[in-house]
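Visitor: Build the 3D model from these lines:
(one chain, ligands or ions: 1)
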Amino acid sequence: MEIPACPKCQSINIVKSGIIKERQRYLCKSCHYFFTVNKIGKKIDDYYVTKALQLYLEGLSYREIERIIGVSHVSISNWVKEFKIKKPPHPNYHPTYKIFNHTELLEYLKNKDKLSGAGMIITELGDKFMMIKWERFKD
Ligand SMILES: [Zn+2]
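Guide: Presented below is the predicted three-dimensional model:
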(Lines give C-alpha, C1' and ligand atoms only; values in the text may rest on other atoms or scores of the structure.)
Protein backbone atom coordinates (compact mmCIF):
# COMPACT_ATOMS: atom_id res chain seq x y z
CA MET A 1 0.00 0.00 0.00
CA GLU A 2 1.24 3.45 -0.88
CA ILE A 3 1.55 6.22 1.64
CA PRO A 4 -0.90 9.00 0.81
CA ALA A 5 -0.06 12.68 0.78
CA CYS A 6 -1.45 15.12 3.35
CA PRO A 7 -4.74 16.52 2.01
CA LYS A 8 -3.94 19.88 3.56
CA CYS A 9 -0.38 20.59 2.51
CA GLN A 10 0.43 17.70 0.13
CA SER A 11 3.43 16.69 2.20
CA ILE A 12 4.34 13.01 2.21
CA ASN A 13 6.11 13.45 5.50
CA ILE A 14 3.39 11.57 7.40
CA VAL A 15 3.20 8.80 9.97
CA LYS A 16 0.56 6.24 10.86
CA SER A 17 -1.41 7.31 13.88
CA GLY A 18 -3.87 4.62 14.88
CA ILE A 19 -6.92 3.14 13.24
CA ILE A 20 -10.36 4.73 13.55
CA LYS A 21 -13.49 2.87 12.42
CA GLU A 22 -11.35 0.46 10.42
CA ARG A 23 -9.67 3.27 8.60
CA GLN A 24 -6.01 4.07 8.93
CA ARG A 25 -5.37 7.42 10.54
CA TYR A 26 -2.29 9.46 9.66
CA LEU A 27 -0.56 12.47 11.12
CA CYS A 28 1.13 14.94 8.80
CA LYS A 29 4.45 15.87 10.36
CA SER A 30 4.71 19.02 8.30
CA CYS A 31 1.45 20.73 9.29
CA HIS A 32 0.27 18.46 12.16
CA TYR A 33 -3.01 17.67 10.47
CA PHE A 34 -4.72 14.33 11.22
CA PHE A 35 -6.55 12.55 8.43
CA THR A 36 -7.85 9.12 7.56
CA VAL A 37 -7.96 7.37 4.24
CA ASN A 38 -10.12 4.58 2.92
CA LYS A 39 -8.32 1.38 2.20
CA ILE A 40 -6.43 2.03 -0.97
CA GLY A 41 -7.74 -0.45 -3.47
CA LYS A 42 -6.91 -1.36 -7.01
CA LYS A 43 -8.90 1.50 -8.46
CA ILE A 44 -6.90 4.21 -6.74
CA ASP A 45 -3.68 2.43 -7.59
CA ASP A 46 -4.59 2.59 -11.29
CA TYR A 47 -5.30 6.27 -10.93
CA TYR A 48 -1.87 6.95 -9.48
CA VAL A 49 -0.14 4.73 -12.02
CA THR A 50 -1.67 6.61 -14.95
CA LYS A 51 -0.98 9.95 -13.38
CA ALA A 52 2.62 9.10 -12.55
CA LEU A 53 3.28 7.86 -16.07
CA GLN A 54 1.69 10.97 -17.59
CA LEU A 55 3.96 13.18 -15.54
CA TYR A 56 6.94 11.02 -16.40
CA LEU A 57 6.25 11.45 -20.11
CA GLU A 58 5.99 15.19 -19.57
CA GLY A 59 9.62 15.11 -18.48
CA LEU A 60 9.32 15.29 -14.70
CA SER A 61 11.82 13.35 -12.62
CA TYR A 62 10.82 10.47 -10.29
CA ARG A 63 11.50 12.68 -7.28
CA GLU A 64 9.31 15.47 -8.61
CA ILE A 65 6.49 13.03 -9.29
CA GLU A 66 6.90 11.59 -5.80
CA ARG A 67 6.52 15.08 -4.34
CA ILE A 68 3.47 15.86 -6.46
CA ILE A 69 1.37 12.72 -6.10
CA GLY A 70 2.83 11.23 -2.93
CA VAL A 71 3.81 7.87 -4.37
CA SER A 72 7.37 6.72 -3.77
CA HIS A 73 9.89 7.17 -6.57
CA VAL A 74 10.65 3.45 -6.32
CA SER A 75 7.04 2.55 -7.25
CA ILE A 76 7.11 5.04 -10.09
CA SER A 77 10.34 3.62 -11.47
CA ASN A 78 8.81 0.12 -11.21
CA TRP A 79 5.73 1.19 -13.16
CA VAL A 80 7.87 2.76 -15.88
CA LYS A 81 9.66 -0.58 -16.25
CA GLU A 82 6.50 -2.67 -15.94
CA PHE A 83 4.68 -0.77 -18.68
CA LYS A 84 7.82 -0.31 -20.75
CA ILE A 85 7.38 3.43 -20.97
CA LYS A 86 10.02 5.16 -23.03
CA LYS A 87 10.30 8.88 -22.70
CA PRO A 88 10.79 10.41 -26.14
CA PRO A 89 13.59 12.95 -26.20
CA HIS A 90 12.49 16.56 -26.27
CA PRO A 91 15.78 18.40 -26.04
CA ASN A 92 14.25 21.73 -27.03
CA TYR A 93 11.79 21.89 -24.18
CA HIS A 94 11.75 21.56 -20.45
CA PRO A 95 8.65 21.19 -18.27
CA THR A 96 7.57 24.01 -16.02
CA TYR A 97 4.63 23.96 -13.69
CA LYS A 98 2.32 26.36 -11.94
CA ILE A 99 -0.11 25.71 -9.10
CA PHE A 100 -3.54 27.36 -9.33
CA ASN A 101 -6.74 27.33 -7.36
CA HIS A 102 -9.88 26.88 -9.43
CA THR A 103 -10.53 30.60 -10.01
CA GLU A 104 -6.93 31.29 -10.97
CA LEU A 105 -7.00 28.33 -13.34
CA LEU A 106 -10.09 29.63 -15.14
CA GLU A 107 -8.55 33.07 -15.37
CA TYR A 108 -5.37 31.64 -16.86
CA LEU A 109 -7.23 29.50 -19.40
CA LYS A 110 -9.05 32.57 -20.75
CA ASN A 111 -5.88 33.70 -22.43
CA LYS A 112 -5.53 31.53 -25.51
CA ASP A 113 -2.09 32.90 -26.32
CA LYS A 114 -0.66 31.27 -23.22
CA LEU A 115 -1.88 27.84 -24.26
CA SER A 116 -0.77 27.38 -27.84
CA GLY A 117 2.16 25.12 -28.57
CA ALA A 118 2.80 24.54 -24.88
CA GLY A 119 1.98 20.80 -24.55
CA MET A 120 -0.24 21.74 -21.66
CA ILE A 121 -1.75 19.27 -19.20
CA ILE A 122 -3.73 20.00 -16.04
CA THR A 123 -3.70 17.61 -13.13
CA GLU A 124 -5.32 17.58 -9.69
CA LEU A 125 -3.16 18.43 -6.73
CA GLY A 126 -5.12 18.17 -3.51
CA ASP A 127 -7.75 20.93 -3.72
CA LYS A 128 -5.66 22.83 -6.26
CA PHE A 129 -4.59 22.24 -9.84
CA MET A 130 -1.22 21.93 -11.40
CA MET A 131 -0.62 23.00 -14.94
CA ILE A 132 2.41 21.61 -16.71
CA LYS A 133 3.66 23.39 -19.76
CA TRP A 134 6.73 23.13 -21.89
CA GLU A 135 9.08 25.97 -22.19
CA ARG A 136 11.39 26.25 -25.12
CA PHE A 137 15.08 26.49 -24.25
CA LYS A 138 16.64 29.71 -25.42
CA ASP A 139 19.30 29.20 -28.07
ZN1 LIG B 1 0.15 18.48 6.02
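
Visitor: Pull the contacting residues for the residue lying closest to Leu57 once chain neighbours are set aside.
Guide: Distances taken as C-beta to C-beta, 6 or more residues apart in numbering place Lys87 nearest to Leu57, at 6.0 Å, with adjacent residues excluded. (Each C-beta comes from the backbone N, C-alpha and C, glycine too.) The contact partners of Lys87, by C-beta atoms under 8 Å, 6 or more residues apart in numbering, come to 56-57, 59.

Visitor: Give me every residue in the protein lying close to the ion.
Guide: 6, 8-9, 11, 28, 30-31, 33 (C-beta under 5 Å from the ion).

Visitor: any chance of these in JSON lines, plus secondary structure and pLDDT?
Guide: As requested, these are exported to JSON lines (DSSP: H, G, I helix; E, B strand; the rest coil; pLDDT from 0 to 100):
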{"residue": "Cys6", "secondary structure": "coil", "pLDDT": "83"}
{"residue": "Lys8", "secondary structure": "coil", "pLDDT": "84"}
{"residue": "Cys9", "secondary structure": "coil", "pLDDT": "85"}
{"residue": "Ser11", "secondary structure": "coil", "pLDDT": "85"}
{"residue": "Cys28", "secondary structure": "strand", "pLDDT": "90"}
{"residue": "Ser30", "secondary structure": "coil", "pLDDT": "91"}
{"residue": "Cys31", "secondary structure": "coil", "pLDDT": "91"}
{"residue": "Tyr33", "secondary structure": "coil", "pLDDT": "89"}
